[in-house]
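S.K.: 3D model of this:
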Amino acid sequence: MLKHPVIAFFKLIRIENLFIIAVTQLCIKYLVFAPLNEFSKFTPALFSISLVSTLLIAAAGYIINDYFDVKTDKINRPETVVIDVIIKRRWAMILHIIFNAIGLLLGFYLALKCHSLKLLMFQILSILLLWFYSTHFKKQLLVGNIVVSLLTATIPIMPMIYDYYLTGDIDPFTSFMIGDFLKTLAIIVCGYSAFAFLTSFAREVIKDMEDYQGDIQTGCKTMPIVWGMITSKVVTFFVILITIGLLLLAGFKFYKEHQYIAVYYIAGLVILPLCILILMTIRAKTSKDFKMASLLLKFTMLFGIAFTFIIKYLYE
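M.R.: Just a heads-up that it's a prediction; the model follows:
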């Protein structure tokens with residue numbers, strides 16, 4: 001099935017991950033910030049441009065990662081290799097350049113609309129970090145994990161930042177009326193950003209444990225190779241434990257406000273899967289075990305994103 005060019009292209013750009021990115025930003029814009037959209041100058045058209053820019057740069061990052069990772073992927077997961085098998089290396093690089101160029105141009109347009117060219121740094125830094133992640137950082141201890149986690153953490157806050165710059169010139173009365181409410185929503189979005197960082201970091205370490213055999217044969221210096229599998233499991237355990245601790249704090253806040261639906265959701269659909277994930281990671285021995293743990297964490301991240309529906313219900 002993977003031999004079909006269209007299926008191979010979707011695999012190359014990680015269509016499922018792009019879907020998660022799109023859903024995350026759509027939920028932040030139209031669920032979390034739904035009460036303030038009538039005051040916002042970050043119109044659906046501008047938001048769409050921002051989203052397309054983000055997706056194109058992310059897709060370019062996935063392409064260049066596979067471009068430089070063919071040798072390792074042929075060891076770890078040979079059945080999923082696309083470059084050099086279905087799509088030629090030359091075409092992969094052309095797609096990478098085109099996607100980045102369009103994403104950068106769209107970012108430049110948004111920066112002009114926001115009257116702040118410094119916002120273009122998001123696109124420029126993302127392109128550079130994704131390139132150096134693929135060529136250098138991925139094979140280094142911790143650096144690659146942190147870079148990916150930081151980029152993931154920016155996904156929820158991007159709509160808020162553009163919203164902030166575009167609504168900076170609203171009239172003082174409206175600004176006063178929505179000021180405190182905006183702070184509350186900003187705290188929620190920052191919480192999402194922290195959740196994205198921690199879960200992404202944990203998932204990157206789990207994936208490094210999954211890819212141990214291929215990485216060690218290609219000279220990588222990932223955490224499982226340098227510090228060992230046991231230490232990597234301990235690091236994953238504490239990162240997930242910190243995530244659970246922050247979620248418990250959020251749950252306690254909702255409990256004090258008698259918003260029990262939020263408490264039940266966080267406990268049952270986010271904290272419980274994370275507890276199961278800890279057990280799965282500790283007991284994991286094979287690459288398949290770590291793959292299942294990584295998949296569970298991805299679904300948990302989706303449940304975290306879906307909590308935005310609860311937020312909309314609570315604050316509408």
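S.K.: which residues in the stretch 51-200 of the chain form helices?
M.R.: With DSSP state H, counting those that start in this stretch as the definition, the stretch 51-200 of the chain shows helices at residue ranges 70-76, 89-113, 121-135, 143-166, 172-210.
S.K.: dump those helices to CSV, plus mean neighbour count and mean pLDDT.
M.R.: The way it works is simple: take the backbone N, C-alpha and C, and place the C-beta from them, glycine included. Compiled in CSV, the helices of the stretch 51-200 of the chain are given as follows (neighbours: other CB atoms under 10 Å; pLDDT from 0 to 100):
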stretch, mean neighbour count, mean pLDDT
helix 70-76, 17, 80
helix 89-113, 17, 96
helix 121-135, 18, 95
helix 143-166, 21, 93
helix 172-210, 18, 82
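S.K.: tabulate those helices in TSV, adding columns for distance to A22.
M.R.: What follows is the helices of the stretch 51-200 of the chain, written out as TSV (distance: least, CB to CB, whole Å):
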stretch	distance to A22
helix 70-76	25
helix 89-113	14
helix 121-135	16
helix 143-166	10
helix 172-210	14
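S.K.: among the ones you listed, which is nearest S40?
M.R.: Distances from S40 to each of the helices of the stretch 51-200 of the chain were compared by CB to CB, and the smallest falls on helix 143-166, at 5.6 Å.
S.K.: please name every helix or strand in contact with the closest one.
M.R.: In terms of contacts (3 or more CB pairs under 8 Å, 6 or more residues apart in numbering; DSSP states H and E), helix 143-166 is packed against helix 15-27, helix 44-68, helix 121-135, helix 172-210.
S.K.: the longest one to helix 15-27, inter-axis angle?
M.R.: Looking back up the chat, that one is helix 172-210. 160 degrees (axes from the mean of the first three to the mean of the last three CA atoms, to 10 degrees).
S.K.: ok now helix 172-210, how far from the chain's centre?
M.R.: In this view, helix 172-210 has its centroid 11 Å away from the chain centroid, taken as CA atoms, centre = their mean, to the nearest Å.
S.K.: in stretch 222-241, which residues are buried?
M.R.: With burial defined by 16 or more other CB atoms under 10 Å, the residues of stretch 222-241 counted as buried are T222, M223, P224, I225, M229, S232, K233, V235, T236, V239, I240.
S.K.: so where's the stretch 201-316 of the chain uncertain?
M.R.: Applying pLDDT under 70 to the stretch 201-316 of the chain flags residues 316.
S.K.: now do the helices in it.
M.R.: If DSSP H, counting those that start in this stretch is used as the criterion, the helices of the stretch 201-316 of the chain fall at 212-217, 223-226, 229-256, 260-265, 272-283, 287-315.
S.K.: quick one: contacts of the shortest one?
M.R.: Contacts to helix 223-226, defined as CB atoms under 8 Å, 6 or more residues apart in numbering, come from residues L141, L142, N145, V205, D208, M209, Y212, D215, I216, T231, S232, V235.
S.K.: can you put those residues in JSON lines and add distance to R77?
M.R.: Below are these laid out as JSON lines (distance: CB to CB, whole Å):
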{"residue": "L141", "distance to R77": "23"}
{"residue": "L142", "distance to R77": "23"}
{"residue": "N145", "distance to R77": "19"}
{"residue": "V205", "distance to R77": "18"}
{"residue": "D208", "distance to R77": "14"}
{"residue": "M209", "distance to R77": "14"}
{"residue": "Y212", "distance to R77": "13"}
{"residue": "D215", "distance to R77": "12"}
{"residue": "I216", "distance to R77": "15"}
{"residue": "T231", "distance to R77": "24"}
{"residue": "S232", "distance to R77": "19"}
{"residue": "V235", "distance to R77": "24"}
